[in-house]
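> pasting the sequence and the predicted model now:
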Amino acid sequence: MSPQNKESNHMDVTEELQNDQQSLQTVDQTTDDADQQAQEEESDGLEFFANETETRLIALYKPASRALTITETQIRERLDELGFDEEHYPLYPERIADLIKGVQQRRHFEMEIGGPLDAVISVHLSCDQTLAGVQITPPLGRGLPASKDMLLKALTDNRVRHGIDSKLIDKLFAKGPTLNLQQTCCYIIAHGKKAIDGQDAEMMPLVEEISERRPKVLEDNNDQVDFKELGDFPVYEAGTPLFHITEPVAGQNGMTVVGKPIRAYQGKDKKVKLDQSVREDPEHPRHYSSAVKGMPVFTEQGVHIENVLKLDEASLKTGNVRFDGSIQIKQGVDQGMLIEASGDVKVGGLVENSTIIAGGSVEIGGGVLGKKSPDPAAKEPTKDNAVIRAKGDVTARFIKDAWVFSGGTISAQRQILQCRLHAGNAIKMPAMGQLIGGHSTAVKYIEAGQLGVPAAVATVLEVGPLDAVRAEMAEVQEKIKQGFEQTKQIKALIHRLREEKRRISPEKKEQILKARDTVIKAMANLENRRQELEDEAQSRKKSKVKALKKAFSDCTIIIANTPYTVKEGFGKTTFYLDGGEVKIR
């Protein structure tokens, strides 16, 4: 055979081998593709594996062609088959729930579902920080258990250092340096000390007060009272024990578990002003008795004995009545009259468009009736308004078209209609009482059976006003600032005299020291007053307005200068201030 034929045959064989090899590769590739497709068809898209450090169990889900439905039991079975045991990889229940939900929603995700977790110690303080509690959550898997060092560090991190219960800690770790807990446990770990407020000295009456008289309960029906029968004015002989003053009680300061002191209120002594009608008992300190015969009148400043002026009526026959004592009028007061007393005023009948001024209380058996309703924008009464001004309480059957100023409580049995009321303590009416229209202001609370009317008459009810307190606070703070400047000047003068070694006369030295002591004393008094005003402002924020039966719309409630408009009717309701907002309960 020629060389050319040999070369041709060799090339043919080579080509056949190459074709056979390509055919085999094609068959192998087709087989691999088929296997991969079959494997993909069999896979549900959910995989489990450990992270690189083998401390966390990971779940990866890629939605496959067929939907997957899986339960927690099935998950645990698959993990067991893969060798992920519960001891090394405890599962997180909330993550298992998220996994099942994600699979149901066919979302692609990768998440940690298990692994060891160290114990957790969290510290919680009470609102007033006088108690500290710890919550100890046990470890999961082979996580680190809670130790005494972990507990002490948690307390330190939360600044708990006072009142720690070391006996409880020793008891918890009595069996070793760590806790073998199977479930979450909670303990009170530290106890602070609550402040105990002191009490002010009080004036305790030993005789009946006018303000203590109460309406008579009817014998036939204990649910009804006779507001017309309030009793007589009490009169006592000279030497009668009138009152005693209790000792003030000091407060006990407290301490929080974080070591902050809690200041307690310190009880203050009661200061009373006495005239010649009252004297202190020499054998019993802080006890006082009458020096003359008469009627004791109790005020915030003290007690004094008053004589009583009794009249049948107040009219043109008597003219205007001014009396240094108490006045008792059997019938009524005609319109246009003026009744002024340093003590109490008691009127048996109607007060018609008149003015009554009393240093004590005012009691009116009938009612108060003016001619016209006060103008909402008016600052002072007009001649068409009845006016009652009393340092004590004011009581009447009804009040209409009047201005009433009371240092204590304003009370009416039936109705208060279109009035301007100002009470240093409260405005109080029974369940049958109606408070309608006008503007009523009280320091502590307003209470009536019905507030407003269905006819939507504008009714303003204000408690705990802060304007006067804030104004006085600004004035006191300005005086304190001036006092600091005066103190600074006096100290500078004394320092200069010492530096210059100047000799001054004893009179001049005494004058300088006296000025210094006067300023220091004045500053102390101003600081006490500032604290009293702060306490008063906080107290007024606790004022309330109460409807014993019904509160109608168009009532405006103002508590500590915070307004609230009643837009719909309510039944029995209490309006109060919480978090700077007027709320209802």
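That came through, no problem. Numbers count the residues shown, from 1 in each chain.
> could you pull out the helices in this structure for me?
With helices called from DSSP state H, the chain shows them at 3-42, 72-82, 93-104, 148-157, 166-172, 467-500, 506-540.
> as TSV, those with mean pLDDT would be great.
Putting the helices of the chain into TSV (pLDDT from 0 to 100) gives the following:
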stretch	mean pLDDT
helix 3-42	52
helix 72-82	90
helix 93-104	91
helix 148-157	94
helix 166-172	93
helix 467-500	86
helix 506-540	87
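> could I get these as a markdown table with distance to E313 and mean neighbour count?
All C-beta atoms are positioned from the backbone trio N, CA, C, and that covers glycine. As requested, the helices of the chain are exported to a markdown table (distance: least, CB to CB, whole Å; neighbours: other CB atoms under 10 Å):
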| stretch | distance to E313 | mean neighbour count |
| --- | --- | --- |
| helix 3-42 | 111 | 10 |
| helix 72-82 | 93 | 13 |
| helix 93-104 | 85 | 15 |
| helix 148-157 | 78 | 15 |
| helix 166-172 | 78 | 13 |
| helix 467-500 | 38 | 13 |
| helix 506-540 | 41 | 14 |
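> turn the ones you listed into TSV, including distance to P139.
Shown next, in TSV, are those (distance: least, CB to CB, whole Å):
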stretch	distance to P139
helix 3-42	38
helix 72-82	20
helix 93-104	15
helix 148-157	11
helix 166-172	16
helix 467-500	56
helix 506-540	47
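> of those, which is nearest R286?
Closest approach to R286 among the helices of the chain (CB to CB): helix 506-540, 21.8 Å.
> could you name the helices and strands sitting against that closest one?
helix 467-500 (3 or more CB pairs under 8 Å, 6 or more residues apart in numbering; DSSP states H and E).
> angle of the helix it packs on against helix 506-540?
Orientation check (axes from the mean of the first three to the mean of the last three CA atoms, to 10 degrees): helix 467-500 against helix 506-540 gives 150 degrees.
> gap between helix 467-500 and the chain center?
Centroid displacement of helix 467-500 relative to its chain, using CA atoms, centre = their mean, to the nearest Å, is 34 Å.
> cool, and stretch 370-388?
37 Å.
> straight-line length of that stretch, end to end?
End-to-end distance of stretch 370-388: 11 Å, with CA to CA, to the nearest Å as the criterion.
> list the buried residues of that stretch.
Neighbour counts over stretch 370-388 (16 or more other CB atoms under 10 Å) mark 370, 373-374, 381, 385-388 as buried.
> which residues does that stretch contact?
For stretch 370-388, the external contacting residues (CB atoms under 8 Å, 6 or more residues apart in numbering) are 335, 351-356, 362, 368-369, 394, 399-406, 418-420, 437-439, 458.
> let's see that with 6 Å instead.
Contact with stretch 370-388 is made by 353, 355-356, 362, 368, 394, 401-404, 418, 420, as judged by CB atoms under 6 Å, 6 or more residues apart in numbering.
> with stretch 459-475 instead?
By CB under 6 Å, 6+ apart, the list of residues contacting stretch 459-475 from outside reads 437, 439-442, 445-446, 452, 533, 536-537, 540, 543, 545, 555-561.
> cool, and stretch 567-576?
Residues contacting stretch 567-576 (CB under 6 Å, 6+ apart): 544-547, 551-553, 557, 582-585.
> hey, C-alpha coordinates of it in PDB?
Provided in PDB are the C-alpha atoms of stretch 567-576 (Å, rounded to 0.1, in the frame of the first residue of the first chain):
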ATOM      1  CA  LYS A 567     -68.600  67.200  73.500                       C
ATOM      2  CA  GLU A 568     -71.100  64.600  74.500                       C
ATOM      3  CA  GLY A 569     -73.100  63.800  77.600                       C
ATOM      4  CA  PHE A 570     -71.900  61.500  80.300                       C
ATOM      5  CA  GLY A 571     -73.400  59.800  83.300                       C
ATOM      6  CA  LYS A 572     -71.700  59.700  86.600                       C
ATOM      7  CA  THR A 573     -68.300  61.100  85.800                       C
ATOM      8  CA  THR A 574     -65.000  62.300  87.300                       C
ATOM      9  CA  PHE A 575     -62.700  64.600  85.400                       C
ATOM     10  CA  TYR A 576     -59.100  64.600  86.500                       C
END
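> okay, buried residues for it please.
In terms of neighbour count (16+ other CB under 10 Å), stretch 567-576 has its buried residues at 569-570, 573-576.
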